[in-house]
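**Student:** Just a sequence and a predicted model for now, questions to come.
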Amino acid sequence: MILEWSDYESQSAFDTQVLVIGTGAGGAAAGTELAEAGFEVTFLEEGSYIPTSSFNPYTAESVPRLYRDAGATLIAGKPPFPYVEGRCVGGSTVINGGMAYRTSDEILETWARLTGDPGLGPKGLEALFERVEAAVHAKPQRPESIGDDNRIMAQGAAKQGWTYEFSSRNQDDCVGSNNCVLGCVTGAKQSTLVSYMPRARAAGARVLTDVRVDRLLIEGGRCVGASGRTVDPYTRRPGRRVSVRAQVVIVACGAVQTPYLLLNHKLGRASGQLGKNFLCHPNVKLVALYPFDVHGHRGVSQGGQVRHFHKEGIILAENMIPPGAVGAHLPVAGAEAWELMRRYNQMIISGVLVEDSSSGTVKRGFGGMANVRYEITRHDHERFLKGVRLLSELHFGMGADRVVLPFVGHHFARSMDEVNRAIAQTTDRRDLELFTPHLMGTARMGATAQDSVIDLDGQLWDLPGCYVADASVFPTACGVNPQITIMALATRVAHRLADRLRPARAA
Amino acid sequence: MDKPRRDEAARKAASRRRLQADSREASEALDRHPDDGWVLADPMPMGEGTRRALRAMIRAVCPPEPAPQLPDLEDRIEVSVRRMLPYMPPLMGRGFAVAVHLLDWAPVWRLAAPRRMRSLPPERVLDVLNGMSHSRLLPLRQLSMVVRAAVLSAYFDQREVHDAMGFVPQPFMRERVRLRRRLAEGEIPGEGDLIGPYSSEVAP
């Protein structure tokens, strides 16, 4: 059963066994596991239920439907840069590129060492990864989904002698419609909207949409539910209050909204780590223009990645986006904007992703906004410059006649000489145009209350009955697209919670 | 039944259909405004002065000919921008209106012209905005970037603009929806189901 804003006129108070706040990678995986284990599960989701049949390739309507704050979410710092996250049933899995990578063994070994729990190491998580990958059909693409931008990236990497790996993606017969960022129109991308959530509903879970949770219900030092306000769809102002009482609550609102909610209750005091260790895999975009049609909007987004420089924390990939989204990132306006965009069919949009070497913070800000702060380091700056140079070499090597660089004041280059000049002049970190969709690590998991926010079962150290199951629990950055790792850890939280709840239910 | 109530009833009926829809079922409709009961918010209210300033920026930022010139361009872009604002936190929505006012006066405080943007020709407005976007001062760059991004995002989402760019996504996407259905029925895909190559420069 799915309820929406107009349904709460008749009922606004609910009871359940397990309340899950959020339906993205973490919430959907944890809630589905528990629903299928026989527990009564209710999801509270801030966004709306938008089924596959409603998706379309138009930015102006899809962005407010699917993205938090219509995509206008910003990380403050030097430089400030936008981040995006989903706000709909399925959360960010509905709008991401669908990469299905496991966190590397090296990083998982670090997690095991930091937490003292071998269960967070490669062997400990192996079965969970397999379970999650089966649930979302993680596998390489079909040949019918590969477009010319993927071919150019693969052939360009081969020409340079670099390793190019075809991506494992959560997809079931993806045929390359390339609408990942506005909702997959074929239903092939296995977002939680089409993978976990139908299973949860089939197991009897209830989904309350259009409710923004603003506080937890706490009685006698224990979390017993959550409460939030509906949103008037015409004005977007807060409406009726909706409350759900539960035996246990799983918070899975993502690495920004989870600490935002928990900080309202002044939790995590022992360690002071709540809202700290914010990680985000910052990246920059580079647009390459070819003298022939590429039709990058036909064919899968990120069919593969250049992983030759992964050891240095640099990944290169293409990631085509619709014209409305490209328009929002253009460094020019008027006639110059048209001069670029009339060649949309000749564009390849590619990016440089850099693994974090610093961390930021999330705090409660003014006016209901989270105050997210993050600054890249000089080391990151150097890696971005290197990544842009490498990507430019790849594109010029494949015949591109122009690239649009992510450097303030030095946006255009027609040769590697011009790229190198632009790089030499981009000495200030504030002159990079950054962006990120990967948010992690603000309520980290650990073995003691002195150095972490949640315990190894996922429960808050200082609020019994309240669990966290999203990217905020990561002890460090995962170094790859995070959704598979989020799902695996959420599944672990759900299994351990089920083990705790079963004896109580039997009694 | 009067029209507003009839519309409301129709919307609720469509909403029921959407909530009962299988989340996995694809459609070949791909409509810009699917009749699924989901309500797009009303445009954020804006004072007449703010709107005049915003429209001056729209005229300047949107590409001139040979880019498509739509008869109701300013209306469409203005409404599209104002519809996005209610989805942001209220402080940010109001901040956008403040940014428009600051930019309106930018020719004066940048000592570029003795008049506000709303009274300047589009070319002069664009000069001022471009000057700000190359400023060494980050807040000035961001101020011009906010309006440019909002306007160009809406402009490059218009159907006529897509047509002029040769971006016609629906036929391709419909064909892909049908291909996936064929695969689900067990059909073996053929050569014709591959995408591209569109140029001899790209090896298959």
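**Tutor:** That came in fine, so what should we check first? Numbers count the residues shown, from 1 in each chain, chains lettered A, B, ... in the order given.

**Student:** Just the CA trace of the lowest-mean-pLDDT helix or strand in chain B, in PDB.
**Tutor:** When the helices and strands of chain B are scored by mean pLDDT, DSSP states H and E, helix B:3-20 comes last with a mean of 85. The C-alpha atoms that make up helix B:3-20 are tabulated as PDB, following Å, rounded to 0.1, in the frame of the first residue of the first chain:
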ATOM      1  CA  LYS B   3     -14.400  23.400 -13.200                       C
ATOM      2  CA  PRO B   4     -11.900  23.700 -10.200                       C
ATOM      3  CA  ARG B   5     -13.700  20.800  -8.400                       C
ATOM      4  CA  ARG B   6     -13.900  18.800 -11.600                       C
ATOM      5  CA  ASP B   7     -10.100  19.300 -12.100                       C
ATOM      6  CA  GLU B   8      -9.400  18.400  -8.500                       C
ATOM      7  CA  ALA B   9     -11.500  15.200  -8.800                       C
ATOM      8  CA  ALA B  10      -9.700  14.300 -12.100                       C
ATOM      9  CA  ARG B  11      -6.300  14.800 -10.500                       C
ATOM     10  CA  LYS B  12      -7.200  12.600  -7.500                       C
ATOM     11  CA  ALA B  13      -8.400   9.900  -9.800                       C
ATOM     12  CA  ALA B  14      -5.200  10.100 -11.800                       C
ATOM     13  CA  SER B  15      -3.300  10.100  -8.600                       C
ATOM     14  CA  ARG B  16      -5.000   6.900  -7.500                       C
ATOM     15  CA  ARG B  17      -4.000   5.300 -10.800                       C
ATOM     16  CA  ARG B  18      -0.400   6.300 -10.300                       C
ATOM     17  CA  LEU B  19      -0.200   4.900  -6.800                       C
ATOM     18  CA  GLN B  20      -1.600   1.600  -8.000                       C
END
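
**Student:** which residues touch the next helix or strand after that helix?
**Tutor:** For helix B:3-20, the following helix or strand on the C-terminal side (DSSP states H and E) is helix B:48-61. With contacts defined as Cβ atoms under 8 Å, 6 or more residues apart in numbering or on different chains, helix B:48-61 is touched by A:333-334, A:337, B:46, B:73-74, B:77-78, B:81, B:97, B:100-101, B:103-104, B:116-120, B:122-123, B:125-126, B:129, B:147-148, B:151-152, B:155. Bear in mind the C-beta positions are built from the backbone N, C-alpha and C, glycine included.

**Student:** What of stretch B:107-116?
**Tutor:** Counting by Cβ under 8 Å, 6+ apart, residues outside stretch B:107-116 touching it are B:Ala53, B:Asp104, B:Trp105, B:Ala106, B:Met117, B:Leu120, B:Arg124, B:Val125, B:Asp127, B:Val128, B:Gly131, B:Met132.

**Student:** okay, now the fourth one: neighbour count?
**Tutor:** What it means is B:Ala106. 21 (other Cβ atoms under 10 Å in any protein chain shown).

**Student:** With the last one instead?
**Tutor:** Residues within reach of B:Met132, counting by other Cβ under 10 Å, total 22.

**Student:** which one is it nearest to, not counting chain neighbours?
**Tutor:** Once flanking residues are discounted, B:Met132 sits nearest to B:Ser144: 4.0 Å by Cβ to Cβ, 6 or more residues apart in numbering or on different chains.

**Student:** Which helix or strand contains that neighbour?
**Tutor:** For B:Ser144, the element it lies in under DSSP H and E is helix B:138-155.

**Student:** How many residues are close by A:Asn319?
**Tutor:** Burial measure for A:Asn319: 20 neighbouring residues, criterion other Cβ under 10 Å.

**Student:** go on, A:Gly479?
**Tutor:** Per other Cβ under 10 Å, the neighbour tally for A:Gly479 reads 21.

**Student:** so what's it up against?
**Tutor:** A:Thr103, A:Ser104, A:Ile107, A:His281, A:Gly313, A:Glu355.

**Student:** Tabulate the residues you listed (JSON lines), appending distance to A:Ala506, secondary structure and pLDDT.
**Tutor:** What follows is the contacts of A:Gly479, written out as JSON lines (distance: Cβ to Cβ, whole Å; DSSP: H, G, I helix; E, B strand; the rest coil; pLDDT from 0 to 100):
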{"residue": "A:Thr103", "distance to A:Ala506": "35", "secondary structure": "coil", "pLDDT": "96"}
{"residue": "A:Ser104", "distance to A:Ala506": "40", "secondary structure": "coil", "pLDDT": "94"}
{"residue": "A:Ile107", "distance to A:Ala506": "38", "secondary structure": "helix", "pLDDT": "95"}
{"residue": "A:His281", "distance to A:Ala506": "43", "secondary structure": "coil", "pLDDT": "91"}
{"residue": "A:Gly313", "distance to A:Ala506": "48", "secondary structure": "coil", "pLDDT": "92"}
{"residue": "A:Glu355", "distance to A:Ala506": "45", "secondary structure": "coil", "pLDDT": "89"}
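
**Student:** Scan these and report the most crowded one.
**Tutor:** Busiest of the contacts of A:Gly479 [other Cβ under 10 Å] is A:Thr103, holding 25 neighbours.
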